[in-house]
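Asker: generate coordinates for the sequence data below:
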Amino acid sequence: MTDSRLGQIDDVELDMRALLGALLRASPWLLLGSILFAGALYIGLNFLTPRYSAETKILIESGESEITRAGTGTEEARALLDSEGIASQVQLIGSRDIATTVVNALDLSQRTEFNKPRFLPSFDQMLVRFGLGRPVAEGSVDERVLQRFSDRLDVFSIDKTRVITVGFTSTDPQLAAQVANGVADEYLALERAARRSTNADATRWLETQIADLRTQVRTAEARVEAFRTEHGLFSGGQNNTSLAQQKLNDLNAELARLVAARSAAEAKAASVRKSLANGATPDIPDVRDSQLIQRLREQQVALRSQVAQLSTTLLSGHPRVRELNAQLADLDAQVRREVTRILQSLEGDAATARDREVDIGKDIASAKAATGRTNQDEVELRALEREATAQRDLLESYLKRFREASSRQNGDYLPVDARIISRAAVPLEPTFPKKLPITAATTIALLLLAIAIILIRELTSGRALRRISDDTPPLAPNVVPVEEATHRQDMAPVSEPLPPASHPLPTEPLATLEPAPARALSAEAQDALNSIVDHIVGAKARRVLLSTAALHSPGRPLAAVALARILSRRGNRVLLIDLHADGADGQAMAAGERLPGLTDLFAGIATFAQVIFRDRRSHAHLIPHGLLEFGPDAAKGKRFVSILDALDQTYDQILFDADSDIAMQLASQAGVVVIVADGSASDPDVARVYEAMKAASPAEVMMLIAEAPLQTEDASIEPAFA
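Answerer: Numbering: from 1, shown residues only. Here you go, the predicted structure:
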């Protein structure tokens, strides 16, 4: 909701000197109050019952030694030591069973700390009393003790380790240490009891399975032996082969030997036959080793020696020489007869080997048939043996596990997968309350709260706000950068406006214009402007034209400046183009006097960066009129249209503050037209301008009465909508 006070609120600023003065005036009371509060709090903390905390640390690890660890426990140990396994152990330590055992062992139900009724009702009970909750039956003494025990027990695992911390808080330091150690001991005892129970169950189950497996193994082995006896599947030899297979192997070996002997005999016979055909003595072992042939050879040598001796003295026809030659011929005939006999012997051996081969071949055929039948029986026998072997292996594995479980059970060797690495000691200092830290933190918080209350009080009372007076001297020209969204290359970032070297700006205005005095808007006009701003924002109008009409008093209202500031404070990017030559808008927005503006930009002797200035009271931008003349016909030129198109790329709204002549030229391009007058809406001059503007502009035309007539005391100023 907008009222006439909006303009006053917009024209104020924060007075830091007033805020610091208020804090300095209140500082003695703040320091005194802080000291008194800190002392009272410190004394009050002494009346609180101190609480002590003790911690016991447990390391989760595999409890089996290298000697007793089974080879199949790797996966179980890995699952125990992972993050899920550690979290499971934390939940086990904080379980109700362990808490009940420790409570009963230390008789905590007889201690007032755990059994004392609540002095104040719990939050749930308070809700029930107000009818906002469901009644819950009060628990027994044991339940109350267990609940308070669980509230003071803290079990957690240390990050990136396998260590679990068991902490307990109590008003008695010895009890805190006893409970922490008791929970850890009870956890180890519970683990040991669980392992003992598991071993006992496994032993009973293995004993039952072993009895059944023994019967099954005995039956399977008896079936194997009966089948072997029935089918004669006896094995022997080095390779543990069957009798049929051994016989077949022997026959194959004998056949190979006979084939080799026959081949050797036939080869020798062929060699002897060839030698006899050539009239030579064969050179084979059988011939060389014959005793008769060796003696005949010796006689031949002796006779040839005698013939050689006699040939030296006797002729070849001599009777003695002929006698010796006849003896040599007889010896040769005897050698050939002996060789022929050896040949017949070799041929006989070859024939005998050939006949034996036929007999062995028949034996091999019958042995093969017997071996085939035996192999089929052995297939069934191996299946029976595999079944018996599997039953026997299973029995042996069960017997091994049974002996291990029995030895652990009887020897009471039950290692747990955890050990205590740090037992809780009796704490010497309480963990609550920490007097100095609590006192310091609370006092600082209270001091900051008091400072905040003082600052808020000063701000809400208005004493820390300083109104900005219009009598303040104008600031130096403050040049602002143009938004980067422009599409024109000559719109560079704005710096201090310096005249370009090629077209220096004139030092004196071309036309001497006496600026008319500007008048501030009344509260009613301010309300009307807020309504116009709402309409502009709702209609999403990008170009807004403001024109003055029928001004009866000196000066002109600064409606365009006020409208630009209100639009800017609503988050819009606003540019005001002053088309009046009096420079009133520039003086009001603290841009200065005799500055380059629209006319210089239009003439090409200034850039966008040199003609755009920022309002000192808002984020709105201003383009002054400039140092040159700007006629109504120039508003229709292509140069002016291209300038407006470039500015449309940067700003959300462009406001034109013009007189009636130039306004008639720009009316067709405006989205909203506002006629500013200081008389009555029924004034003929105002009505004439209104009708002319309405005929020239397709947009909505509104009227703003900047100052009500003096004779009308309660005249309400509202914009007139076409």
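
Asker: tell me the SS of residue 260?
Answerer: Secondary structure, DSSP: H, G, I helix; E, B strand; the rest coil: residue 260 is helix.

Asker: from residue 531, how far out is it?
Answerer: 132 Å (CB to CB, to the nearest Å). For glycine as for every other residue, the C-beta is placed from the backbone atoms N, C-alpha and C.

Asker: which one's more surrounded, those two?
Answerer: The neighbour comparison of residue 260 against residue 531 (other CB atoms under 10 Å) goes to residue 531, with 16 against 11.

Asker: roughly how far does the more buried one sit from residue 563?
Answerer: 11 Å.

Asker: got it, and residue 594?
Answerer: 25 Å.

Asker: what residues of the helix or strand encompassing residue 443 count as buried?
Answerer: If you go by DSSP states H and E, residue 443 is part of helix 435-461. Residues 435, 439, 443, 446-447, 450, 454, 458-459 are the ones in helix 435-461 that count as buried (16 or more other CB atoms under 10 Å).

Asker: show me the helices in the stretch 551-700 of the chain, by range?
Answerer: Secondary structure of the stretch 551-700 of the chain, counting by DSSP state H, counting those that start in this stretch: helices at 559-569, 584-588, 598-603, 608-611, 638-648, 660-666, 684-696.

Asker: reformat the ones you listed as a markdown table; add mean pLDDT, mean neighbour count and distance to residue 40.
Answerer: Output for the helices of the stretch 551-700 of the chain, formatted as a markdown table (pLDDT from 0 to 100; neighbours: other CB atoms under 10 Å; distance: least, CB to CB, whole Å):
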| stretch | mean pLDDT | mean neighbour count | distance to residue 40 |
| --- | --- | --- | --- |
| helix 559-569 | 89 | 25 | 48 |
| helix 584-588 | 83 | 23 | 58 |
| helix 598-603 | 87 | 22 | 71 |
| helix 608-611 | 86 | 22 | 65 |
| helix 638-648 | 87 | 15 | 67 |
| helix 660-666 | 82 | 20 | 74 |
| helix 684-696 | 78 | 16 | 73 |
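
Asker: for residue 272, which of these is the nearest?
Answerer: Comparison of these against residue 272 by CB to CB identifies helix 638-648 as nearest, at 130.5 Å.

Asker: chain center to the closest one: distance?
Answerer: Computed by CA atoms, centre = their mean, to the nearest Å, the chain-centroid distance of helix 638-648 equals 53 Å.

Asker: so what does it touch, helix or strand wise?
Answerer: Counting contacts by 3 or more CB pairs under 8 Å, 6 or more residues apart in numbering; DSSP states H and E, helix 638-648 is packed against helix 598-603, strand 653-658.

Asker: now these as TSV including distance to residue 170?
Answerer: Shown next, in TSV, are the helices and strands packed on helix 638-648 (distance: least, CB to CB, whole Å):
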stretch	distance to residue 170
helix 598-603	84
strand 653-658	72
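
Asker: of these, which is nearest residue 106?
Answerer: Among the helices and strands packed on helix 638-648, the nearest to residue 106 by CB to CB is strand 653-658 (80.1 Å).

Asker: please report how far residue 311 lies from residue 298.
Answerer: 21 Å.

Asker: same question but for residue 59, I mixed them up
Answerer: Counting by CB to CB - residue 59 and residue 298 are separated by 106 Å.

Asker: with neighbour numbers in mind, choose between those two.
Answerer: Ranked by neighbour count (other CB under 10 Å), residue 59 and residue 298 place residue 59 first, with 14 against 11.

Asker: what bridges to the more buried one?
Answerer: Beta-bridge pairing of residue 59 under DSSP bridges involves residue 163, residue 419.

Asker: quick one: residue 541 is in a helix?
Answerer: No: under three-state DSSP, residue 541 sits outside any helix and is assigned coil.

Asker: so what's the residue count around the closest residue to it other than its chain neighbours?
Answerer: Leaving out its chain neighbours, the residue that sits closest to residue 541 by CB to CB, 6 or more residues apart in numbering is residue 671, at 3.1 Å. Neighbours of residue 671 under the rule other CB under 10 Å: 18.

Asker: hmm, back to that, relative to residue 54, which of the helices and strands packed on helix 638-648 is closest?
Answerer: Per CB to CB, nearest to residue 54 of these: strand 653-658, 72.2 Å.

Asker: which residues does the closest one contact?
Answerer: Contact with strand 653-658 is made by 536, 541-547, 560, 563-564, 567, 572-580, 585, 644, 647-648, 662-663, 666, 670, as judged by CB atoms under 8 Å, 6 or more residues apart in numbering.

Asker: check which residues of it are buried.
Answerer: Applying 16+ other CB under 10 Å to strand 653-658 flags 653-658 as buried.

Asker: all strands for the stretch 151-300 of the chain, in order.
Answerer: For the stretch 151-300 of the chain, strands defined by DSSP state E, counting those that start in this stretch occupy the ranges 153-157, 163-170, 235-236, 241-242.

Asker: what's near enough to touch the residue lying closest to residue 213 once chain neighbours are set aside?
Answerer: Spatial nearest neighbour of residue 213, chain neighbours left out: residue 395 (4.2 Å); criterion: CB to CB, 6+ apart. By CB under 8 Å, 6+ apart, the contact list for residue 395 reads 210, 213-214, 217.

Asker: residue 395 belongs to a helix?
Answerer: Yes: Residue 395: assigned to a helix according to three-state DSSP.

Asker: now it: how far from residue 387?
Answerer: Distance of residue 395 to residue 387, computed by CB to CB: 13 Å.

Asker: and residue 563, by the same measure?
Answerer: 105 Å.

Asker: now swap in residue 640 and tell me
Answerer: Counting by CB to CB, the separation of residue 640 from residue 387 is 108 Å.

Asker: okay, now the unreliable bits of the stretch 201-350 of the chain?
Answerer: Counting by pLDDT under 70, the ranges of the stretch 201-350 of the chain that qualify are 233-244, 277, 279-281, 283, 286-290, 294, 297, 314-315, 321.
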